[in-house]
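Participant: Starting from these lines, generate the structure:
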Amino acid sequence: MAIPIRIGNSTPGKLANTPNRKSQDPRLWLGISLILVAMVLGQIVISKASARVTAVTLTTDIAKGSLIRDKDVTVAQVSVPTAQNLISLPSDAIGKIAATDLFAGDLISMHSVTNNFATDARVVSIPIRAGHLPEVLPGGKVDIWMTPSLDGVALPGPATLIISSAAIDYAPDFVDAGMDTSVTVLVSEEQVQELVQAMRDGTIDLVAIPSGSQ
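Facilitator: Model (predicted):
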């Protein structure tokens, strides 16, 4: 009579019917589910980041308090995380006032423009002698110097810094080096008297401040 051989306490039948605990572990399926959710969310974020939207961008520097003109803006397709506050139509920016210093390449948002000039902002025209106007553009910054002359009330003497970091409001597109010209600058109300008096007492020179130093 044949005697069945047993190995340990298991039989072939019991081994075949033993359930696979690893495949039934809920933590495994939870981990797989989290990975799949993360992958889907990642694809959504990447898709939104790469989506291009229409936005209005500046072509020139605009000083705080300056009027934004049609030549100062253009339309571009850009990729941004959110376009909620961006201005997409040039007409919504043209004629508005810069609420802060803006620079060429900046995207214009609803928070960077306003409908009103600063209450203390004043625009003053300054005569410039032939050959004395540096290369300046609207929105750029300049230091204003005055050199007393014999024609003015002040005694002739060394040049004096009258106003620092004044914003150019208007500058001619073309300047003949042999002819006098003028520019307009944005100054505060309290600076107007000193600037006007300086133009009476002497000659005015503008020193352009490089854009990287503004």
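
Participant: contacts, neighbours, all on C-alpha from now
Facilitator: Will do.

Participant: which residues of the chain fall in helices?
Facilitator: Assigned by DSSP state H, the chain shows helices spanning 12-16, 26-50, 189-201.

Participant: Between those helices, which has the poorest mean confidence score?
Facilitator: Least confidently modelled of the helices of the chain is helix 12-16, at a mean of 50 by mean pLDDT.

Participant: Count the neighbours of residue 69 for me.
Facilitator: Neighbours of residue 69 under the rule other CA atoms under 10 Å: 15.

Participant: pLDDT score assigned to the nearest residue to residue 123 once chain neighbours are set aside?
Facilitator: Residue nearest to residue 123 in three dimensions, not counting chain neighbours: residue 186, with 4.7 Å by CA to CA, 6 or more residues apart in numbering. With respect to pLDDT, residue 186 has a value of 88.

Participant: when you give positions from now on, start the count at 199
Facilitator: All right, first residue 199 from here; so that's residue 384.

Participant: if I look at residue 384, how far off is residue 335?
Facilitator: To residue 335, residue 384 is 13 Å away according to CA to CA, to the nearest Å.

Participant: what about these two, which has more around it?
Facilitator: A direct count of neighbours by other CA under 10 Å for residue 384 and residue 335 places residue 384 higher, at 25 against 19.

Participant: residue contacts, the more buried one?
Facilitator: Residues in contact with residue 384 (CA atoms under 8 Å, 6 or more residues apart in numbering) are 263, 264, 319, 320, 321, 322, 364, 365, 366, 367.

Participant: Those residues into TSV, with extra columns for distance to residue 331 and pLDDT?
Facilitator: Shown next, in TSV, are the contacts of residue 384 (distance: CA to CA, whole Å; pLDDT from 0 to 100):
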residue	distance to residue 331	pLDDT
263	23	81
264	20	82
319	23	82
320	21	88
321	18	90
322	16	94
364	15	89
365	15	87
366	12	89
367	15	86
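
Participant: Go through the residues you listed and say which is closest to residue 400.
Facilitator: Nearest to residue 400 among the contacts of residue 384: residue 322, at 16.3 Å, using CA to CA.

Participant: ok, back up a step: inside strands: which ones of the contacts of residue 384?
Facilitator: Among the contacts of residue 384, the members found in strands (DSSP state E) are 319, 320, 321, 322, 364, 365, 366, 367.
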